[in-house]
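Undergrad: A structural model of the following input is requested.
(one chain, ligands or ions: 3)
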Amino acid sequence: MITVYCFSGSGHSLAVSKELSKLLDCEIRPIDNKTTTEDTAVVVFPVYCQNIPKPVKRFLKGLEAKYVALIATYGKISYGNVLYEAQKLLHGQVIAGAYIPMGHTFLDGDCEFDATQLLPIVRRIQAPRQAVIPKTVKNPLADIFPGLRSRIGVKIKRGDNCCSCGHCERSCPVGAIRNGRIHSQCIRCLRCVTNCPQKALQYKNSRILDTYLNSYRKEEYVLYL
Ligand SMILES: Cc1cc2nc3c(=O)[nH]c(=O)nc-3n(C[C@H](O)[C@H](O)[C@H](O)COP(=O)(O)O)c2cc1C
Ligand code: SF4
Ligand code: SF4
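TA: Ligands and ions are numbered 1, 2, ... in the order given. Here you go, the predicted structure:
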């Protein structure tokens, strides 16, 4: 059986997962803390500060799959060494890896991507064979308190139109919202901002982060088979 596992903050990795589930005619499941046993797992997730998001790291360590395809979406800035690091956490055989350039969460990036980029991955999943994901260059500063850097760089504010429905609290992937307050476990995935039915949550980047985000863009699609 093939299953697409998805972690997504602002919907980009979810858009890729939906396309893959259509092409592979299989189910999408959210990445959670449960240990999972699969024949083939396609794991789709975003790059956060050139790292694997914490919930995804936990998931990969517990994943029991014969074959794994790894797909990382990134905001056209940098992807570090994420796929190589993900490969190291796995028990199963990696059969494909890809970095897909998309809009950046902190720049209201849209979910558009070139769906033809998924076709060679789909073909490999249908006829599995070991892939080689080499080590790439990662900025050494990327590992210095990535979560704290995101929290300093991006502030989230709750407006008066919040109706206390609790949706944000229930859907936060790291349980960072309690009694309406965002705590320090927050990884700034912006899922709460994206999915608030009242649009009551707003985020604002620091000026330094905005300058950084607008200084450099790359449109690099990378495929490892
Ligand atoms: C906390 C955080 C850190 C990010 N770090 C990077 C990064 O290091 N390099 C990059 O190119 N994009 C970065 N991005 C942008 C996301 O990787 C990109 O927008 C991705 O497609 C978001 O996927 P999602 O909507 O499924 O969460 C970051 C986004 C967030 C929220
Ligand atoms: S999802 Fe939006 S409206 Fe509901 S509690 Fe959270 S901030 Fe308030
Ligand atoms: S509180 Fe933080 S970690 Fe939780 S959904 Fe919102 S941005 Fe993501």
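Undergrad: alpha carbons only for contacts and neighbour counts from here, please
TA: OK.
Undergrad: Break the chain into its domains for me.
TA: For the chain, automatic domain parsing gives the domain ranges 2-138+220-224, 143-207.
Undergrad: So which residues on the chain come close to ligand 2?
TA: By the rule CA under 6 Å from any ligand atom, the part of the chain lying against ligand 2 is 162, 163, 164, 165, 166, 167, 168, 196, 197, 198, 200, 201.
Undergrad: So which residue is dead centre in this structure?
TA: In the chain, the centroid-proximal residue (CA atoms, centre = their mean) is residue 46; its distance is 2.2 Å.
Undergrad: Run through the bridge partners of that one.
TA: Applying DSSP bridges to residue 46 gives these bridge partners: residue 73.
Undergrad: now residue 222
TA: Assessed by DSSP bridges, residue 222 has beta-bridge partners residue 99.
Undergrad: was I right about it contacting residue 96?
TA: No: with the criterion set as CA atoms under 8 Å, residue 222 and residue 96 do not qualify as a contacting pair; they are 10.8 Å apart.
Undergrad: Was I right to think residue 160 contacts residue 201?
TA: No: using CA under 8 Å, residue 160 is not in contact with residue 201; the gap is 9.5 Å.
Undergrad: Return the set of buried residues in stretch 63-79.
TA: Neighbour-count burial for stretch 63-79, counted by 16 or more other CA atoms under 10 Å, picks out 63-65, 67-79.
Undergrad: Equivalent analysis for stretch 198-210, please.
TA: When neighbours are counted by 16+ other CA under 10 Å, the buried residues of stretch 198-210 are found to be 200, 201, 205, 209.
Undergrad: same thing with stretch 13-24?
TA: Neighbour-count burial for stretch 13-24, with 16+ other CA under 10 Å as criterion, is recorded at 13, 14, 15, 16, 17, 18, 20, 21, 24.
Undergrad: Run through who's touching that stretch.
TA: Applying CA atoms under 8 Å, 6 or more residues apart in numbering, the set of residues contacting stretch 13-24 from outside is 2-8, 27-28, 44-46, 72-73, 111, 113, 115, 118, 122.
Undergrad: Go again with 7 Å.
TA: Surrounding stretch 13-24, the residues in contact under the criterion CA atoms under 7 Å, 6 or more residues apart in numbering are 4, 6, 7, 8, 27, 28, 44, 45, 46, 73, 111, 122.
Undergrad: Pull up the per-residue confidence for the spatially most distant residue from the centre of the chain.
TA: With distances taken as CA atoms, centre = their mean, the residue sitting farthest from the centre of the chain turns out to be residue 160, at 29.9 Å. In this model, residue 160 is scored at 96, pLDDT.
Undergrad: what does this protein put close to ligand 1?
TA: Neighbours of ligand 1 within the chain, by CA under 6 Å from any ligand atom: 8-14, 45-50, 73-79, 102-105, 150, 187-189.
Undergrad: out of the residues you listed, which are inside strands?
TA: Among these, the subset assigned to strands under DSSP state E consists of 45, 46, 73, 74.
Undergrad: so where is this protein shaky, pLDDT-wise?
TA: In the predicted model of the chain, residues 33-35 satisfy pLDDT under 70.
Undergrad: For it, just list every one of the strands.
TA: Listed in chain order (using DSSP E), the strands of the chain are 2-6, 27-30, 37-46, 64-74, 93-101, 154-158, 177-178, 181-182, 201-205, 222-224.
Undergrad: All set now, cheers.
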